[in-house]
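>>> okay, predicted coordinates and the sequence, questions at the end:
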Amino acid sequence: MARRLPNNLMTLGIAAVSAFALLTYANPDVGLFRSTQRGSPAAAAANEPVAPVPEAGRFITAPIQRGALEQLITATGTVQPVDTVEVGSQLPGQIARLYVDFNDRVRLGDPLAELDQRSFIAKVEENRAALDMAVANVKVQQARLDRARIDLDNARGNKAVLQAKVESAQAVQLAAERNLDRKIALRSREVASPAALEEAQTDLASRKAQAREASSVLDLNGFAVEAAVAEVRRLEAEFTQANAAVPQRQASLRGAEIDLDRTVIRSPTDGVVVGRFVNQGQTLAAGLDVRTAFNIAKNLAEMEVHARVDETDIGRVAAGQRATFGVDAYPGRRFEAVVRQVRKAPLVTQNVVTYTVVLKTDNRDGLLLPGMTALVKLTIHKDEDVLKVPLAALRFRPEGSMPRDPAAPAVWVRGADGGLEAVRVETGATSADLVALRSAGRLAEGSEVVVGQAEMPAGRRLFGVRLGF
């Protein structure tokens with residue numbers, strides 16, 4: 001068990017350390033502590049207090065550089081094909097054959113899959129038979145109509161003949177009436193014999209009977225003509241109806257043939273199959289929603305990145321801006337892109353509002369694949385030739401100095417006497433770790449500015465107390 005130091009000995013040690021520290025602080029050039037005179041001309045010129053300076057090499061510095069500075073916005077997104085077509089079946093049925101798989105190249109009209117066609121073939125045959133019957137019915141109705149028209153023409157011809165007979169009978173009757181009148185006159189003068197008068201009367205009665213018979217036959221023929229006309233009209237209506245049925249049957253057949261053709265799911269475009277969502281033997285149910293069977297990317301040589309940009313940054317993004325992005329599949333590689341579209345529709349996730357920015361990028365080497373996660377850096381401003389310093393130089397403030405005024409930015413440099421001096425600057429655009437200097441005062445390209453303070457080496461401690469800076 002370690003013995004405790006006597007109280008007198010411990011007190012003596014603490015007193016010795018305190019005296020040594022006071023001696024060192026009083027004489028800046030002696031001991032473990034070193035300080036800079038507060039009243040140095042450089043500090044007065046900068047209008048800032050000069051911080052105590054540790055031993056040489058205890059500050060981290062960086063040079064002022066000249067070059068381009070980009071102001072960036074970072075966002076995450078996904079790589080997408082420029083145009084993806086979702087292909088589905090327009091009919092219910094069972095998948096009988098699959099012709100393509102993932103990554104297959106297809107051309108417009110190429111078959112992708114085929115449904116079971118048996119029921120559709122039967123429907124085509126049924127509609128074709130119905131069409132044949134409709135065409136045959138038209139021919140039958142045409143023949144019946146032609147026959148009825150002939151009968152009507154015959155009835156009208158008979159009517160003309162009978163009309164002539166009636167007129168002839170009426171003329172003979174008129175002649176018989178005149179002959180009877182003459183016989184009566186002759187008999188009154190006793191010129192004609194009673195037999196001649198009786199003969200004339202008999203002849204007139206016969207002629208009247210013949211005229212009445214001819215008129216009756218003509219009347220009957222008139223009814224026949226009217227019946228023939230009605231029959232023709234009826235058959236004309238049936239013929240028109242039969243004719244109208246033919247286009248209907250043709251349309252039904254055409255619809256059945258179209259359905260049969262649709263049992264083969266075909267590619268609507270040239271492209272690459274990037275998605276297959278059906279298997280052979282699977283049944284596609286009927287419904288209002290057309291199920292997607294395949295996804296076809298039209299062109300993978302040019303891709304898009306759909307980046308989600310926060311609402312605080314979206315006002316600075318515009319079409320035409322350049323960007324770079326990386327993907328996890330190729331660490332360290334950056335891909336070039338250009339903003340194509342800033343979509344106005346918001347995306348709200350857990351009360352965080354973002355907007356979709358669409359960037360186009362070249363993919364002729366085929367490295368980018370749909371769905372890859374991209375870390376995007378959008379260049380919203382670029383200065384081509386400016387002085388620039390690390391942001392850490394503006395954030396740095398030596399211990400013991402006055403708090404930094406945000407309205408009067410400054411950087412710290414080593415003075416001629418080894419102390420730190422503050423130099424006023426005017427800042428411009430800011431990137432992730434650099435800031436442009438609109439005005440650098442007496443500083444120039446290559447000037448070293450302090451960006452941080454190095455840690456005290458572990459050996460510069462006494463009884464657990466850190467000594468120096």
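Done, it's in.

>>> use CA for all of it now, contacts and neighbours both
Fine.

>>> now do the strands in the stretch 201-350 of the chain.
264-266, 271-276, 283-284, 292-297, 302-310, 322-327, 335-349 (DSSP state E, counting those that start in this stretch).

>>> export the ones you listed as CSV, with columns for mean neighbour count.
Formatted as CSV, those follow (neighbours: other Cα atoms under 10 Å):
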stretch, mean neighbour count
strand 264-266, 22
strand 271-276, 20
strand 283-284, 17
strand 292-297, 21
strand 302-310, 23
strand 322-327, 20
strand 335-349, 15
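
>>> any idea which of those gets closest to Val450?
With Cα to Cα as the measure, strand 322-327 is the member of the strands of the stretch 201-350 of the chain nearest Val450 (30.9 Å).

>>> which one of the strands of the stretch 201-350 of the chain lies nearest to Pro92?
The nearest among these, by Cα to Cα, is strand 283-284 at 5.0 Å.

>>> mind listing what the closest residue in space to Glu238 that isn't next to it in sequence touches?
Excluding its sequence neighbours, the residue lying closest to Glu238 (Cα to Cα, 6 or more residues apart in numbering) is Gln141, at 6.8 Å. Shown in contact with Gln141 (Cα atoms under 8 Å, 6 or more residues apart in numbering): Leu235, Glu238, Phe239, Ala242.

>>> what about Gln141? Give its phi and psi, please.
Main-chain dihedrals, Gln141, degrees, to the nearest 10: phi -60, psi -30.

>>> gap between it and Val166?
37 Å (Cα to Cα, to the nearest Å).

>>> identify the residues contacting Leu378.
Residues near Leu378 by Cα under 8 Å, 6+ apart: Leu72, Ile73, Thr74, Ala75, Gln321, Arg322, Ala323, Thr324.

>>> closest to Lys159 among the residues you listed?
Out of the contacts of Leu378, the member with the shortest distance to Lys159 (by Cα to Cα) is Gln321, at 96.7 Å.

>>> quick one: contacts for that closest one?
Counting by Cα under 8 Å, 6+ apart, Gln321 has contacts Val338, Val339, Leu378, Thr379, Ile380.

>>> report the two of the residues you listed separated the most.
Val338 and Ile380 (11.4 Å).

>>> find residues that contact each of the two.
With Cα under 8 Å, 6+ apart as the test, Val338 and Ile380 both reach Gln321, Arg322.

>>> now do stretch 118-136: distance to the chain's middle.
40 Å (Cα atoms, centre = their mean, to the nearest Å).

>>> how does this structure divide into domains?
Listed by automatic domain parsing, the domain ranges of the chain are 34-66+386-466, 84-116+264-295, 119-262.

>>> let me have those in JSON lines, extended by mean pLDDT.
Below are the domains of the chain laid out as JSON lines (pLDDT from 0 to 100):
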{"stretch": "domain 34-66+386-466", "mean pLDDT": "71"}
{"stretch": "domain 84-116+264-295", "mean pLDDT": "91"}
{"stretch": "domain 119-262", "mean pLDDT": "84"}
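
>>> to Arg364, which of those lies closest?
The nearest among the domains of the chain, by Cα to Cα, is domain 84-116+264-295 at 14.1 Å.

>>> distance between the ends of the closest one?
Across domain 84-116+264-295, the terminal residues are separated by 7 Å (Cα to Cα).

>>> residues contacting the closest residue to Ala408 other than its chain neighbours?
Nearest non-adjacent residue to Ala408, counting by Cα to Cα, 6+ apart: Arg424, 6.9 Å away. With contact taken as Cα under 8 Å, 6+ apart, Arg424 is in contact with Ala46, Ala408, Pro409, Ala410, Val411, Ala440, Gly441.

>>> mind putting those residues in CSV, neighbour count, secondary structure and distance to Val278 included?
What follows is the contacts of Arg424, written out as CSV (neighbours: other Cα atoms under 10 Å; DSSP: H, G, I helix; E, B strand; the rest coil; distance: Cα to Cα, whole Å):
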residue, neighbour count, secondary structure, distance to Val278
Ala46, 15, helix, 75
Ala408, 10, coil, 66
Pro409, 16, coil, 64
Ala410, 25, strand, 66
Val411, 24, strand, 65
Ala440, 20, coil, 66
Gly441, 12, coil, 70
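
>>> ok, the residues you listed vs Ala392, which is closest?
Val411 (9.3 Å).

>>> pretty sure that closest one is touching Val423, no?
Yes: judged on Cα atoms under 8 Å, Val411 makes contact with Val423 at a distance of 5.4 Å.

>>> quick one, strands of the stretch 51-200 of the chain?
Using DSSP E, counting those that start in this stretch, strands in the stretch 51-200 of the chain cover 59-63, 65-81, 84-88, 93-98, 105-106, 111-115.

>>> make TSV from the ones you listed and add distance to Lys298 and mean neighbour count to it.
TSV is the format used below for those (distance: least, Cα to Cα, whole Å; neighbours: other Cα atoms under 10 Å):
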stretch	distance to Lys298	mean neighbour count
strand 59-63	50	17
strand 65-81	8	19
strand 84-88	6	18
strand 93-98	20	18
strand 105-106	10	18
strand 111-115	15	21
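
>>> which residues in the stretch 101-250 of the chain form helices?
For the stretch 101-250 of the chain, applying DSSP state H, counting those that start in this stretch gives helices covering 118-188, 194-262.

>>> touching, Ser89 and Thr283? I think so.
No: between Ser89 and Thr283 there is no contact under Cα under 8 Å: 10.9 Å.

>>> re earlier: dump the strands of the stretch 201-350 of the chain to CSV, plus distance to Asn103.
Conversion of the strands of the stretch 201-350 of the chain to CSV gives the following (distance: least, Cα to Cα, whole Å):
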stretch, distance to Asn103
strand 264-266, 16
strand 271-276, 5
strand 283-284, 23
strand 292-297, 9
strand 302-310, 16
strand 322-327, 21
strand 335-349, 23
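
>>> still on that earlier bit, tabulate the helices of the stretch 101-250 of the chain (CSV), appending distance to Gly371.
As requested, the helices of the stretch 101-250 of the chain are exported to CSV (distance: least, Cα to Cα, whole Å):
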stretch, distance to Gly371
helix 118-188, 39
helix 194-262, 31
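
>>> which residues does the closest residue to Ala245 other than its chain neighbours contact?
Once flanking residues are discounted, Ala245 sits nearest to Ala134: 6.3 Å by Cα to Cα, 6+ apart. Ala134 is in contact with Ala242, Asn243, Ala245, Val246, Arg249, counting by Cα under 8 Å, 6+ apart.

>>> likewise for Glu426?
Ala408, Pro409, Leu437, Arg438, Ser439, Ala440.

>>> now with 6 Å, please.
Residues counted as contacts of Glu426 (Cα atoms under 6 Å, 6 or more residues apart in numbering) are Leu437, Arg438, Ser439.

>>> nearest residue to the last one in space, please, no chain neighbours.
This points to Ser439. Glu426 (4.9 Å).

>>> can you tell me how far the one you found sits from Glu302?
Separation of Glu426 from Glu302 (Cα to Cα): 43 Å.
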